[in-house]
Structure formats: C-alpha cells, structure tokens
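Novice: Requesting a structural model of the entry that follows:
(one chain, ligands or ions: 1)
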Amino acid sequence: MSASAWRKLEEAERLPLTVLFEAEPDRLSRLVLEEAGLRFDFSKTHLSRAMIDAFEALAGERDLSGAREAMFAGRVVNPTEDRAAEHTAERGQGAPESVARAQSMHNRMRALVDAVEAEAFGPVRHILHIGIGGSALGPDFLIDALGRDSGRYDCAIVSNVDGAAMEEKVADFDPHATLVVIASKTFTTTETMLNARSAIAWLEQAGVADPYGRLIAVTASPERALDFGIDETRILPFSETVGGRYSLWSAVGFPAALALGWDAFETLLEGAATMDRHFRLAPLAANAPVLAAFVDLHYAAVRGCGTRAVFAYDERLRLLPSYLQQLEMESNGKSVGLDGHPVARPTAPITWGGVGTDAQHAVFQLLHQGTHLVPVEFLAVVRPDHGLDFAHHRQLLVNCFAQGAALMAGRTSDDPARSYPGDRPSTTILLEELDPASLGALIAFYEHRTFTNAVLLGINPFDQFGVELGKEIARSIDGGGDVRFDPSTAALIERALGEI
Ligand SMILES: O=P(O)(O)OC[C@H]1O[C@H](O)[C@H](O)[C@@H](O)[C@@H]1O
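Specialist: Alright, predicted model coming up:
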C-alpha cells in the first residue's frame, strides 16, 4: 500500500534548491524550527511542499503516530527480540511503571556517585571505564563534549581489545586512586571481559589491597556481574529494554555522571525529555526529528545516495560522527523489513563525517565537485567555550555558513575544472550553547530521527543480528578444534597464529 506514497515521492518534481527558495517564499518559516535551544534549518534541502505532503501520507500509511505511541507506551516495538524499547523512560517519558523503575535505578546510580564523591572508596582521581559499542560510545562522547575542564576526575574509556589501548590509557593513572567501571549490557562481550580481567591484573600488580572492591558493574545482566565477583552493592543495573546504542541515559552514563556531576547528568536527561515531548506532540511538518527523517529518506531511499556526512564546526562535538555511526548504521543498516521480506529500497546510508574546519581541507573537494551526491549536515554552536580570541570562533562559524552556501549556489566557469555544479543539499543545526540540556536534546533528536526513518522504511531499528556471525566465527577460530575455514582464512590463521 505504501508503494503509491513512495511512487509519489519518486515522481515529485525536483526543483533546484535556489529555485525552491523562489517558488516557496515561506520556506524559512516552514523549514527552520527552533526547539530546546536548537535551531534546525532544513531549507537548503530539496524537500518541497509537495514532497512533505507525500511523506506525510507515507507516515500516515505506516502509522508513524501509532508506532511512536507504542514506543513511548513500552509496547513491543522490537519484535525479533520480543522487546520494548524504553530509552525514553530513562528521561521520565514512558509507561509509568517503566519510568518508576528507571527512576529507582537512577537513584542507585546517584547514591554511588555520592559515595565516590564522599570518598567511600578513598580518594579517587581516575575512572577507568571499560565497555565497547553502546557501552562506550555514549559516555565517551558526553565526557569529551562536556567534561573537558570539569576537573573532577580523569576518565579513560577503554573499548578496543588491543592491549595497546588499555596500556596507553592507564599509563598516567595511579591504580590506588582508580575506580574501574565495567559496562556491558550482556556482561558477556569478549573484548570487555578480557579488558576487565587485565584491569584487575593491573590493580593486583600494583598491590591494591582489594581489587574487586574497586570494580563497579553496569549491566542489564546483574547475575553475571555477581558471578564475575562484583558485590551486589556495586552493581548498577539497567533495563533489558534499553538498547545498547540508546543507553547513555541509563547507568551506562555513570562515568559521565561522575565526570560532569549529578546535576549536569539530570539536566542532560531533562534536555532529552524536552525533545521527547516535541517529537511526541508537534505536528509532523513542524517536528524536527520527523522532518530530518524526511530529508534522510528523500536522499537515501528515493535518490539512492549511499552516504550522509556530518560535520560539527566545534571541537567539543568531534566524537559525534562515531556516536552517530553506531546509532544510525547499527539501527537501520537492515535489508529485511518487519514483515520478513527483503526491503524494496535502500535503508540507512553510510554515516561519516568529521570536524570543521579540518574536514574542508581534506574531504570537501568531493562534496563540491565529486560525482556522488552527499547530503551534508553542519552543526555549530553560537557561543564558544574557550578563552582564546573570539576570532577563532568567528572563523568557525563563518566557514560553516560559507560551506552550506557554496554547496547550494555552485559557480560556473569557462574552465570546467573550476566549475562547481552546486545544488548540493545541506542541513544546519545551530545550538545556542553546548551544555547538558542542549546536548541531551540533540542526542534525543537523533534517536527519534533514526526511529522515524525505520518506521517509514518498515524495518526494526532495535535489533542487530548482523554483528553476530563474525563473533561466532571468531569464537571458532579462537577455540581451535576441527573447524574448517575457507582457504584464504585458513592461510591467514596459520600465518599469524600458527596451527590452532
Ligand atoms: O554492552 P554489551 O553487551 O557489552 O554490548 C556491546 C556492543 O556489542 C554488540 O556487538 C552490539 O553490536 C552493540 O549494540 C553493543 O552495544
């Protein structure tokens, strides 16, 4: 049934961006939204009024409102795992019993933050957080964005199983003043478990009296943390219904709550809740995550753009692209629909990006003159957060705005090598300030946009079976035994690991 809505989208007249501004004089008032201290400018994209109407029709056919309510109500929206997706309950938006459960888990988390601050573990200066994927990217991003000069604790996030990662991170840490946080939703992830063992060995070798007494577990499988030897009082649980890549609001955010302080962590949750309410209540055509998803779908699903690029013109947001890569690509990198059939059109594009202005001097050539059409997303913050001359910030903003304008306008020249085709789309997200509230709202915006994309594509954004096969084969290689591999893999194993 939604075939006709997609057909309308495919057949909709595609006007050049500059023409769209003339044809739709009210473009700015309709396509620039201000919400929760964030300004979303979708006007430099090819979304025409007719396309928005067609997307709204698609949203109606796909029952976006129903799906959204089902998610907030804690109903099963992840059918392949028979689970709800209740990350919004962490910020007070969800089924009352889920909100209450999240609240009691936050209370535990807060009590532990207070205990660390009250020196219940002796003087603590360093936090070694061990986790990978969703158990690392969120806290890493938060601490890097907001905790630079908090001066509270040195936090190191170790994710890679490469011993060099751990070695480098703990080099300057005093083991006697370090708390080790082991974050894993399943508490079975090989990399995390191995890194946790090595951290314990590091504490032991330094003569720390009770290494296990300095471990804190963050997990949705508390029984496994108990088996690992961590005392119940130092286990911070979170709900099975909070997916890894949606989990920074839960106990997974513990190192961020320590690094930024509890008040800041709560403000982050409130910022996200503001975006939750907006997503839930605003009409579709004035709903930031929904409009962003329309833009995404126009380029990826209708026009077949294989990538989308995100450039933050702010050093504090340098980890945003890595964070978004997991959120968007692990959620929507699917090729079967909820109905079990192959999808009819491209799903998530490849998310990539970097920081401005650095990226301008490295990859923007392709954006301006390459053969790929890449929808670009720019982020910038009105107020800087450094003590240097304002000229630095001015240059950032000036360049950010210039790039969007140049991509759209292009320029003709007698010399083809010096011509710019133009008509290249961009979205700009401008934050008044980068603080816990605006960052919470920004991340929640991306979550809801990802969800909306999934609903309109008819896919499940909350499972990730694609990552399992490689893990299984790694286990077989690791376990040796009589497993047969293809000749290439067998030769690699023999060359690097010897007979196994
Ligand atoms: O938190 P954990 O259970 O250790 O999982 C860590 C990560 O590993 C998996 O492979 C998934 O792809 C991720 O979604 C998850 O966040």
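
Novice: List the single closest residue to R83 in space, sequence neighbours excluded.
Specialist: Distances taken as C-beta to C-beta, 6 or more residues apart in numbering place T241 nearest to R83, at 5.5 Å, with adjacent residues excluded. C-betas here are computed from N, CA, C, even on glycine.

Novice: So that neighbour, which state does it fall into?
Specialist: Under DSSP: H, G, I helix; E, B strand; the rest coil, T241 falls in the coil class.

Novice: what's the neighbour count on it?
Specialist: Counted with other C-beta atoms under 10 Å, residues neighbouring T241 total 23.

Novice: What of A177?
Specialist: Neighbours of A177 under the rule other C-beta under 10 Å: 16.

Novice: Next: L258.
Specialist: With other C-beta under 10 Å as criterion, L258 counts 28.

Novice: What strand or helix carries it?
Specialist: Using DSSP states H and E, L258 maps to helix 254-260.

Novice: and that helix, what other elements does it pack with?
Specialist: helix 96-117, strand 126-130, helix 137-146, strand 154-158, strand 178-183, helix 262-281 (3 or more C-beta pairs under 8 Å, 6 or more residues apart in numbering; DSSP states H and E).

Novice: returning to that earlier point: mind listing what the residue nearest to R83 touches?
Specialist: By C-beta atoms under 8 Å, 6 or more residues apart in numbering, the contact list for T241 reads G74, R83, A84, A85, E86, A89, S98.

Novice: Any chance of JSON lines for those, columns pLDDT and secondary structure?
Specialist: Below are the contacts of T241 laid out as JSON lines (pLDDT from 0 to 100; DSSP: H, G, I helix; E, B strand; the rest coil):
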{"residue": "G74", "pLDDT": "98", "secondary structure": "coil"}
{"residue": "R83", "pLDDT": "98", "secondary structure": "strand"}
{"residue": "A84", "pLDDT": "98", "secondary structure": "coil"}
{"residue": "A85", "pLDDT": "98", "secondary structure": "coil"}
{"residue": "E86", "pLDDT": "98", "secondary structure": "coil"}
{"residue": "A89", "pLDDT": "98", "secondary structure": "helix"}
{"residue": "S98", "pLDDT": "98", "secondary structure": "helix"}
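
Novice: sorry, back to before: adding distance to A206, write the helices and strands packed on helix 254-260 out as TSV.
Specialist: Putting the helices and strands packed on helix 254-260 into TSV (distance: least, C-beta to C-beta, whole Å) gives the following:
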stretch	distance to A206
helix 96-117	19
strand 126-130	12
helix 137-146	24
strand 154-158	16
strand 178-183	9
helix 262-281	29
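
Novice: Among the ones you listed, which comes closest to the ligand?
Specialist: The ligand lies closest, by C-beta to the nearest ligand atom, to one member of these: strand 178-183, at 6.5 Å.

Novice: who's in contact with that closest one?
Specialist: Counting by C-beta under 8 Å, 6+ apart, 116, 121, 124-131, 135-136, 139, 170, 192, 196, 199-200, 203, 214-219, 225, 228, 230, 251-252, 254-255 sit against strand 178-183.

Novice: same question, stretch 4-12
Specialist: Taking C-beta under 8 Å, 6+ apart as the rule, stretch 4-12 contacts 48, 50-51, 54-55, 57-58, 61, 297-298, 301-302, 344-345.

Novice: Show me what counts as buried in that stretch.
Specialist: A5, W6, K8, L9, A12 (16 or more other C-beta atoms under 10 Å).

Novice: Stretch 222-231 too?
Specialist: Using 16+ other C-beta under 10 Å as the test for burial, stretch 222-231 gives P222, R224, A225, F228, I230.

Novice: One more: stretch 123-138?
Specialist: 124, 126-138.

Novice: Of those residues, which pair is most distant in space?
Specialist: Pairwise distances across those peak at 25.9 Å for V124 and G133 (criterion: C-beta to C-beta).

Novice: Near the ligand, which residues of the stretch 151-300 of the chain are found?
Specialist: By the rule C-beta under 6 Å from any ligand atom, the part of the stretch 151-300 of the chain lying against the ligand is S184, K185, T186, T189, T192, G244, R245.
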